[in-house]
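What follows is a predicted protein model with its sequence.
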Amino acid sequence: MPGAAVTVTHASRAYGETVVLDDVSFTVAPGEMVALTGPSGSGKTTLLQLIGSLDRPSTGRIVVDDVSVGELSHPAEFRRATVGFVFQLHYLLASLSAQDNVELPLVAAHVPRRERAARALHLLEGVGLAGRARARPSELSGGERQRVAIARALAGNPRLILADEPTGSLDSAASQKVWELLSDVSTIAGATVIVASHDLTLAEHAGRALHLLDGRLVAPPEREPHPSEGLA
Amino acid sequence: MTTLGQTLASLVGRPGRTLLTALGTALGIATIVALLAVVGGVRHSAGNLVNLGPSELGLFQADAADPTTSILSTNLIAKLEHTPGIASASPLILLIGDLPKAPGSIVFGAPPGDFLTGGLVFSSGRAYTSGEEIVLGDTLARELHAAPGQTLTLAHRHLRVVGIYHNGIGYQDAGACLPLATAQAISGRQGEATSIVVRLAAATRPAAARHAIAKDFPGLTVISDADQATRAGVSGQLISQFGLVIVVLALVIGGIGVANTMLMAVIERRSEFALLSAVGFSGPQIAGRVLVESILTTIIGAAIGLLLGVIGAQLLVDALGAKSFVAPQVTAWDLGRGLLVGVLLGVLGGLYPAWRAAHVSPARVLAQQ
């Protein structure tokens, strides 16, 4: 299934007098992987929430394929069919096993039990956790939990993956693994991936970077070379 | 895992909260079941105060607070015996609390040799014939260690025990019988009776006789079987209504308790519901999960409550000192009602929390984290 095309046109979001996102416009092609960078409070999370129909823009329009997500009367159905979320905090349900957590979007979609289980196990195998299906979140490392969260995001075969600081609480090795998985989702599965991160170096994993500052899209700052890059 | 399994896992994952919520429900259900059982027992006991045969009717004073407080003139006997369809009529007096060593026992005063006492089966001794004699039910005799030939003091009168009977009715076997005149003297109600029992003539239909008596004697309440006994007293009706009020109160208080606990759980788990919304659960789906969780919790509570209620009913009767004449009656319908109340508590208590869970804003909650 091809990825979703995302078109953001003059989107703004304000909470009372506070403008969090100000007249943002851009497009993302189907199957593209885009990094959304910017410091904390620059509006990355808000923008992802607007694209994913968790919130509605105050003004402007956001279209995912042909759907204007700000005007949906049943946004949950849209999310179930089109979007997979990965959050900085994995948000795995503590009372459920890794497999049951991965199955959640399929439960929402009324997928039969056996089909759910097969799909969840396949996805856990894909993120390198085949042997941890029955483990509870408390029995998993931070990196493993985030990989379970990625498997959960992929469970419903979404055409759009929205990842908000997915490596924010991980060490470098675990972060590398997560970025590889998200890249695979884009290149192998063909899904559109938008990843928000305040870390400019990680944005290099993506094909393109959009930089937010104080709620507005701006040109990405010049990146200072890492000390290791100067060494022969 | 099934959706129900996930809900159960959620309950098991929070054992303290689940147990406390279930326990709150259990106490409410236990109260309901215990009261229903006691009320049922009281009604049954009231119905058997006068052990009526198939062709007998019991007459009480209309609007008496309780069957035992009914007062009828014995002059009615002659008038009743002239009523078509009535073969005979016999006065009966009930004395309660006059036996110092067994204050819960009921003492029946009836004329010697009439059809009311004529049916008693004696395991030892004989029926009373004179004013200073008394016969005891075998339960009371065991309790008092009494036997024929001994003397029993009743309201400062010394009566000779002449027989021990058994007829299988709990409060009668835990009571005693003596001559009507003696009972009237003890109670200071000469010329009066608590009730008059009439025996119908052959081929007389009880319904027709009831109708005729009610027409000719408008000041009387006529009962023909145990189920109608509560009609004989306002107290019986009050007890029934009191039971209903307690059930409703338990439902309201229990519902508020469950709602409060479930609401706290929803507030505590806002991020969980936000996540469910983010992965595609609709509002009704999330509300359904909370509602099922609430109902499952209260069903667990109801199961515990039914058990506690059955035990509590007996304890309640013991605590009230009424075990000799009230046997709690727990019917399948009482248990069914207890379970139904449990489910209702789950639904009523879970509705608002479910609505709140369905309206958690994923954007706001997930951003706050």
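Received, thanks. Given the structure is predicted, the values throughout are model-derived calculations rather than measurements.

could you give the mean pLDDT of the host helix or strand of B:G350?
Assigned by DSSP states H and E, B:G350 falls within helix B:332-358. Average pLDDT, helix B:332-358: 86.

is any part of that helix close to chain A?
No - Helix B:332-358 does not reach chain A (CB under 8 Å from any CB of the partner chain); its nearest approach is 10.1 Å. Where you see a C-beta, it was placed from the backbone N, CA and C, and this is true even at glycine.

The helix or strand that comes right after that helix - contacts with which helices or strands?
Moving toward the C-terminus from helix B:332-358, the next helix or strand (DSSP H and E) is helix B:362-368. In terms of contacts (3 or more CB pairs under 8 Å, 6 or more residues apart in numbering or on different chains; DSSP states H and E), helix B:362-368 is packed against helix A:44-51, helix B:270-278.

wait, which of these is closest to A:T18?
With distances scored as CB to CB, the stretch of these nearest to A:T18 is helix A:44-51 (10.8 Å).

which secondary structure elements does the following helix or strand past the closest one contact?
Sequence-wise, the next helix or strand downstream of helix A:44-51 (DSSP H and E) is strand A:59-64. Secondary structure elements in contact with strand A:59-64, counted by 3+ CB pairs under 8 Å, 6+ apart, are strand A:6-15, strand A:18-28, helix A:44-51.

CA atoms only: put strand A:59-64 into CSV for me.
Listed next in CSV are the C-alpha coordinates belonging to strand A:59-64 (Å, rounded to 0.1, in the frame of the first residue of the first chain):
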residue,chain,number,x,y,z
THR,A,59,-7.0,28.2,10.7
GLY,A,60,-5.7,26.7,7.5
ARG,A,61,-6.1,23.2,6.1
ILE,A,62,-4.3,19.9,6.4
VAL,A,63,-5.0,17.2,3.8
VAL,A,64,-3.9,13.6,4.0
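
and stretch B:163-180, how far from the chain's centre?
Its chain's C-alpha centre and that of stretch B:163-180 lie 22 Å apart, by CA atoms, centre = their mean, to the nearest Å.

can you pull the buried residues of it?
Along stretch B:163-180, these residues count as buried under the neighbour rule (16 or more other CB atoms under 10 Å in any protein chain shown): B:163-165, B:170-180.

in the helix holding B:G350, what's buried?
B:334-335, B:337-339, B:341-342, B:344-354, B:356-358.

Okay, angle between that helix and helix B:270-278 too, please.
80 degrees (axes from the mean of the first three to the mean of the last three CA atoms, to 10 degrees).

hmm, back to that, buried deepest among the helices and strands packed on strand A:59-64, which one?
Comparing these by mean neighbour count (mean count of other CB atoms under 10 Å in any protein chain shown), helix A:44-51 ranks first with a mean of 26.

what comes into contact with it?
A:6, A:8, A:11, A:13, A:20-21, A:24, A:36-38, A:55-57, A:62, A:64, A:69-70, A:160, A:162, A:164-165, A:194, A:196-198, A:212, A:215, B:362-363, B:366-367 (CB atoms under 8 Å, 6 or more residues apart in numbering or on different chains).

Off-centre distance for it?
Worked out by CA atoms, centre = their mean, helix A:44-51 lies 10 Å from the chain centre.

Give the buried residues for the host helix or strand of B:L244.
Per DSSP H and E, B:L244 falls inside helix B:234-268. Neighbour-count burial for helix B:234-268, counted by 16+ other CB under 10 Å, picks out B:235-236, B:239, B:243, B:246-247, B:250-251, B:254-255, B:257-259, B:261-263, B:265-266.

Please state the offset of that helix from the chain centre?
Centroid separation for helix B:234-268 versus its chain: 19 Å, with CA atoms, centre = their mean.

do stretch A:28-47 as well
9 Å.

Would you mind measuring the gap between the ends of that stretch?
For stretch A:28-47, the separation between the terminal residues is 13 Å (CA to CA, to the nearest Å).

quick check, B:A89 in a helix?
No - with DSSP: H, G, I helix; E, B strand; the rest coil as the criterion, B:A89 is located in strand rather than a helix.

hang on, the earlier thing: just the buried residues of stretch B:163-180 now: which is nearest B:I299?
B:G170 (34.3 Å).

State the distance from the closest residue in space to the closest one that isn't next to it in sequence to chain A.
Leaving aside its chain neighbours, B:G170 sits nearest to B:A327 (5.6 Å; criterion: CB to CB, 6 or more residues apart in numbering or on different chains). Distance, B:A327 to chain A, using CB to the nearest CB, to the nearest Å: 46 Å.

what does B:A212 give?
Where chain A is concerned, B:A212 sits at a distance of 68 Å (CB to the nearest CB).

what does B:T31 give?
According to CB to the nearest CB, B:T31 and chain A sit 32 Å apart.

Now do the contacts for the nearest residue to B:L220 once chain neighbours are set aside.
Counting by CB to CB, 6+ apart, B:L59 is the residue found nearest to B:L220 once chain neighbours are left out, at 4.8 Å. Taking CB under 8 Å, 6+ apart, we find B:L59 in contact with B:72, B:76, B:80, B:195-198, B:213, B:217, B:220-222.

So which of those are in helices?
Secondary structure from DSSP state H places B:76, B:80, B:213 of these in helices.

want to throw those residues into CSV with neighbour count and distance to B:S55?
Below are the ones in helices among the contacts of B:L59 laid out as CSV (neighbours: other CB atoms under 10 Å in any protein chain shown; distance: CB to CB, whole Å):
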residue, neighbour count, distance to B:S55
B:L76, 18, 19
B:L80, 20, 15
B:I213, 21, 14
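
now, among those, which is nearest to chain A?
Nearest to chain A among those: B:I213, at 67.4 Å, using CB to the nearest CB.

Tell me how far that closest one lies from B:A193.
15 Å (CB to CB, to the nearest Å).

quick one on the thing from earlier: can the buried residues of stretch B:163-180 go into TSV with extra columns for pLDDT?
Below are the buried residues of stretch B:163-180 laid out as TSV (pLDDT from 0 to 100):
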residue	pLDDT
B:G163	94
B:I164	95
B:Y165	93
B:G170	72
B:Y171	73
B:Q172	81
B:D173	86
B:A174	84
B:G175	88
B:A176	91
B:C177	92
B:L178	93
B:P179	92
B:L180	92
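
Now whichever residue of chain B sits closest to chain A: phi and psi?
Nearest to chain A, among the residues of chain B, is B:G280, at 2.7 Å (CB to the nearest CB). Main-chain torsions, B:G280, degrees, to the nearest 10: phi 120, psi 0.

what about stretch A:154-171, near chain B?
Yes - counting by CB under 8 Å from any CB, chain B has neighbours in stretch A:154-171: A:G156.

Could you give me the buried positions within that stretch?
Applying 16+ other CB under 10 Å to stretch A:154-171 flags A:154-156, A:158-168, A:170 as buried.

Restricted to helices, list the residues you listed.
Going by DSSP H, the helices hold A:L154 from the buried residues of stretch A:154-171.

Can you tell me which helices and strands the lowest-mean-pLDDT helix or strand in chain A packs against?
Here the helix or strand of chain A ranked lowest by mean pLDDT, DSSP states H and E is helix A:172-187, holding a mean of 81. The contact analysis (3+ CB pairs under 8 Å, 6+ apart) places helix A:172-187 against strand A:33-37, helix A:142-154, strand A:160-164, strand A:192-197.

what angle separates that helix from helix A:142-154?
Comparing the axes of helix A:172-187 and helix A:142-154 via the same axes, to 10 degrees yields an angle of 10 degrees.

So which bits of helix A:172-187 are buried?
A:174-175, A:177-179, A:181-183, A:185-186.

was I right about B:P84 contacting B:A212?
Yes - contact criterion CB atoms under 8 Å: B:P84 and B:A212 qualify, at 7.0 Å.

For these two, indicate the residue with more neighbours.
Under the criterion of other CB atoms under 10 Å in any protein chain shown, the comparison of B:P84 against B:A212 puts B:A212 first, with 16 against 10.
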